[in-house]
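Asker: Based on what follows, work out the 3D shape:
(7 chains)
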Amino acid sequence: SVLRRFKPLLDRVLVERFAPEVKTKGGIMLPEKSVGKVLDAKVVAIGPGAKNLEGKVVPMSVNVGDRVLLPEYGGTKITLDEKDYHLFRDGDILAKYEAES
Amino acid sequence: SVLRRFKPLLDRVLVERFAPEVKTKGGIMLPEKSVGKVLDAKVVAIGPGAKNLEGKVVPMSVNVGDRVLLPEYGGTKITLDEKDYHLFRDGDILAKYEAES
Amino acid sequence: SVLRRFKPLLDRVLVERFAPEVKTKGGIMLPEKSVGKVLDAKVVAIGPGAKNLEGKVVPMSVNVGDRVLLPEYGGTKITLDEKDYHLFRDGDILAKYEAES
Amino acid sequence: SVLRRFKPLLDRVLVERFAPEVKTKGGIMLPEKSVGKVLDAKVVAIGPGAKNLEGKVVPMSVNVGDRVLLPEYGGTKITLDEKDYHLFRDGDILAKYEAES
Amino acid sequence: SVLRRFKPLLDRVLVERFAPEVKTKGGIMLPEKSVGKVLDAKVVAIGPGAKNLEGKVVPMSVNVGDRVLLPEYGGTKITLDEKDYHLFRDGDILAKYEAES
Amino acid sequence: SVLRRFKPLLDRVLVERFAPEVKTKGGIMLPEKSVGKVLDAKVVAIGPGAKNLEGKVVPMSVNVGDRVLLPEYGGTKITLDEKDYHLFRDGDILAKYEAES
Amino acid sequence: SVLRRFKPLLDRVLVERFAPEVKTKGGIMLPEKSVGKVLDAKVVAIGPGAKNLEGKVVPMSVNVGDRVLLPEYGGTKITLDEKDYHLFRDGDILAKYEAES
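Answerer: Numbering: from 1, shown residues only, chains lettered A, B, ... in the order given. From the prediction side, this is the model:
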């Protein structure tokens, strides 16, 4: 698969957005228009990190498998194996959801 | 709860604005329009801090539980467990109110 | 009082503008319009100082009680205990008046 | 050949875009207009790397022979031996595809 | 006097512009309009100097009593004891005239 | 000659563009309009190099006699001994052609 | 003379433009309009040099008496002893002409 060989460079992060909720909690279909952009996503690949002014690598704040909250804007759409992914900079990702302990 | 697992990244701070005063001191209901944006809020989650040019983490100036004064503009609205919160950068928060000693 | 518990963050300074002179030296009332913005003020609270690129705190150049000259523009209006104050960055304050030695 | 003697300077990377897919998987010719810009390319020459503020060379993140993903915009078209190539900055290349292990 | 107690902050310099020449060398009055802004001035007070990125104070290049050449634009007008002065940044002052040795 | 005494300052490079090809390979004269700006040039003089933030000289990436590829835009036209040359910054030169080994 | 006492500050350089050639080599007067701005000039005074981020003085690249090539734009006109001079930043001067060895 292309995805397995895909290595983001510097501080870039490849994420896959979760499928949008198309039904209300009660099970009623949501009108197409109202389904906003999904801001929750899973990290599928991360770069090695960028270097700061002194040449030291700045460690990434997210890892493969993390569930994260994306900003509303920005990101670059990438299609691999006919599936849509998005590339964000590590510093632009707003937050991560810790796993259920 | 999602809130408990929500970890802001870098120097971001998650705050919950206080409910607006809807009555004057004398108890008379304030007209809807006049109720401005509430700038006082409580810190509910903070990130680990951002790194400066030398890779050292810049300690955060606020902590969970602090009562803070928000700037009028900026911030990103986040909805968790159907409640509204806002994400600010640590450096954009104007001041904090020390607890009643 | 809220003022006592109000702690500006980083390099912010809380000042209280002096009351405008409403009378000429001769005691004649000045027309309302001609009373410009008062640029002299007293420092009522200061933050701990901001950090420079190397993480060292940059000491503040003003202190509580100092009489200072404010720039014409900038500053954020803050109301505490129904009194108006203004928040400025330490670096934006133009000068201070040393006490009568 | 000119290409062999062509040495990009600083952190520049010379790439050759792959030929666009002109047929669908089923073998049907794609209409000319729908063939978008090809974002996959091969690295044919790299510069020595740029220097950071402290004069240390920042190592390049791609190498000759790597298969990379280009950003949609940017890059400078260069014609050598009547073939088209493009010059990108190392930091603008989005990702690389690791070889089939 | 207020002037004596006036301490510019950081790298600011308080100057007093020289009176404009209103007569030609021959003693003929110059028309009001032609008397341009006077760019020569005397330094009456200086700040302690600003700090560079490493927290070291950058020494001032002018001193109290120096005769200096001001840039045509910039500067902030300040009125002390009903006399006009101007505040400039040390780095914006173009040159100084050494005393008649 | 003026050229011999001409010393570019800091990281500037003086180049002489090659004469444009006015004939096709087959020897047919090219129409005037179609002869684009020549981007290949020879380095005739280089500055000592600029200093980075720490005061260390950043060595130049090109040398007198090198054949280089110029960017399409930028550069300053200089006329010496009635011949046209151009001044570029070292960092703006795209690539150099190594001599036929 | 005022010129002798005129000391540019930081990295400023005071230059005097050469008189424009008003005759062609053959001795024919050039039409007024065609006499462009003279870009060759002599250095008459230099500042001590500016400081870099670490507080070290960046040595000047030109000296009093040097013949230099000015950029087409920029510079500040200064009149001393009724003669016109111009102030440039050291880093904006394009090149210098070494003396006839």
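Asker: residue ranges of the helices in chain A, please?
Answerer: With DSSP state H as the definition, chain A shows helices at residue ranges A:2-5.
Asker: which bits of it sit near chain D?
Answerer: Chain A comes close to chain D at residues A:2, A:5-10, A:12, A:14, A:47-48, A:51, A:53-55, A:76, A:78, A:87, as judged by C-beta under 8 Å from any C-beta of the partner chain. Heads up, the C-betas are built off the backbone N, CA and C, glycines and all.
Asker: In chain A, where is pLDDT below threshold?
Answerer: A:35, A:101 (pLDDT under 70).
Asker: Give me the most central residue, it.
Answerer: Central residue of chain A (C-alpha atoms, centre = their mean): A:Val15, 2.8 Å from the mean position.
Asker: Narrow the residues of chain A next to chain D to those in strands?
Answerer: Using DSSP state E, the members of the residues of chain A next to chain D that fall in strands are A:6-8, A:12, A:14, A:76, A:78, A:87.
Asker: and these, which are buried?
Answerer: Of all those considered here, the ones buried according to neighbour count by 16 or more other C-beta atoms under 10 Å in any protein chain shown are A:6-8, A:12, A:14, A:78, A:87.
Asker: And those, which is closest to E:Val68?
Answerer: Nearest to E:Val68 among those, counting by C-beta to C-beta, is A:Arg12 at 51.3 Å.
Asker: Correct me if wrong: that closest one contacts A:Asp92.
Answerer: No: with contact defined as C-beta atoms under 8 Å, A:Arg12 does not reach A:Asp92; the gap is 10.0 Å.
Asker: Could you give the number of residues near the residue in chain A that chain G sits nearest to?
Answerer: Proximity of chain A to chain G (C-beta to the nearest C-beta) peaks at A:Leu53, 11.0 Å away. Counted with other C-beta atoms under 10 Å in any protein chain shown, the neighbours of A:Leu53 add up to 15.
Asker: Name all residues that make contact with it.
Answerer: Taking C-beta atoms under 8 Å, 6 or more residues apart in numbering or on different chains as the definition of contact, the neighbours of A:Leu53 are B:53, D:52-54.
Asker: go again using 10 Å as the cut-off
Answerer: If you count contacts by C-beta atoms under 10 Å, 6 or more residues apart in numbering or on different chains, A:Leu53 has them with B:52-55, C:53, D:52-54, D:56, F:53.
Asker: for A:Leu87, same thing?
Answerer: Applying C-beta under 10 Å, 6+ apart as the definition, the contact partners of A:Leu87 turn out to be A:6, A:8-9, A:12-15, A:45, A:47, A:74-78, D:69, D:71, D:94-95.
Asker: and what of A:Leu3?
Answerer: For A:Leu3, the contacting residues are A:14, A:16, A:44-45, A:78, A:80-81, A:83, A:85, taking C-beta under 10 Å, 6+ apart as the criterion.
Asker: Tell me the one of the residues you listed nearest F:Gly36?
Answerer: Nearest to F:Gly36, judged by C-beta to C-beta, of the contacts of A:Leu3 is A:Ile78 at 35.2 Å.
Asker: correct me, but the closest one touches A:Phe6?
Answerer: Yes: under the criterion of C-beta atoms under 10 Å, A:Ile78 makes contact with A:Phe6 at 8.1 Å.
Asker: For A:Val13, which residues count as its bridge partners?
Answerer: Partner residues in beta bridges with A:Val13, using DSSP bridges, are A:Ile46, A:Phe88.
Asker: Just give me the neighbour total for it.
Answerer: Residue crowding around A:Val13 was assessed by other C-beta under 10 Å; the count is 28.
Asker: How about A:Leu69?
Answerer: Residues near A:Leu69, counting by other C-beta under 10 Å, number 20.
Asker: Could you do A:Lys51 as well?
Answerer: For A:Lys51, the neighbour count with other C-beta under 10 Å is 19.
Asker: got the contact list for it?
Answerer: Contact partners of A:Lys51, counting by C-beta under 10 Å, 6+ apart, are A:10-11, A:57-58, B:55, D:52, D:56, D:58-59, D:61, D:91.
Asker: what's the distance between A:Phe4 and B:Gly91?
Answerer: That one is not Phe; residue A:4 is Arg. In this structure, A:Arg4 and B:Gly91 are 40 Å apart, going by C-beta to C-beta, to the nearest Å.
Asker: Quick check: the gap between the closest residue to A:Leu14 other than its chain neighbours and A:Ser61.
Answerer: Closest residue in space to A:Leu14, ignoring its immediate chain neighbours: A:Ala45 at 4.0 Å, by C-beta to C-beta, 6 or more residues apart in numbering or on different chains. In this structure, A:Ala45 and A:Ser61 are separated by 15 Å, where distance is defined by C-beta to C-beta.
Asker: before we move on, what about A:Val43?
Answerer: Taken as C-beta to C-beta, the spacing of A:Val43 relative to A:Ser61 amounts to 11 Å.
Asker: and if you look at A:Asp92?
Answerer: Between A:Asp92 and A:Ser61 the computed distance is 11 Å (C-beta to C-beta).
Asker: before we move on, the earlier item: joint contacts of A:Val43 and A:Ser61?
Answerer: The contact sets of A:Val43 and A:Ser61 overlap at A:13, A:68, A:90, A:93, A:96 (C-beta under 10 Å, 6+ apart).
Asker: Which of the residues you listed ranks first by neighbour count?
Answerer: A:Val13 (28 neighbours).
Asker: Which residues of chain A lie near chain B?
Answerer: Proximity of chain A to chain B is confined to A:39-40, A:51-54, A:56-59, A:61-62, A:66-69, A:71-72, A:90-101 under the rule C-beta under 10 Å from any C-beta of the partner chain.
Asker: between A:Ala45 and A:Ser61, who's got more neighbours?
Answerer: Set side by side, A:Ala45 and A:Ser61 show unequal neighbour counts under other C-beta under 10 Å, the larger going to A:Ser61 at 23 against 20.
Asker: The more buried one touches B:Gly47, doesn't it?
Answerer: Yes: A:Ser61 lies in contact with B:Gly47 (C-beta under 10 Å); the separation is 8.4 Å.
Asker: overlap in contacts of these two?
Answerer: A:95-96, B:7, B:9-10.
Asker: which of the residues you listed come close to chain F?
Answerer: With C-beta under 10 Å from any C-beta as the criterion, the subset of those in contact with chain F is empty.
Asker: For A:Glu100, give its distance to E:Glu72.
Answerer: 67 Å.
Asker: and those two? which has more neighbours close in?
Answerer: Using other C-beta under 10 Å, the more surrounded residue of A:Glu100 and E:Glu72 is E:Glu72, with 11 against 6.
Asker: Sweet, I'm off.
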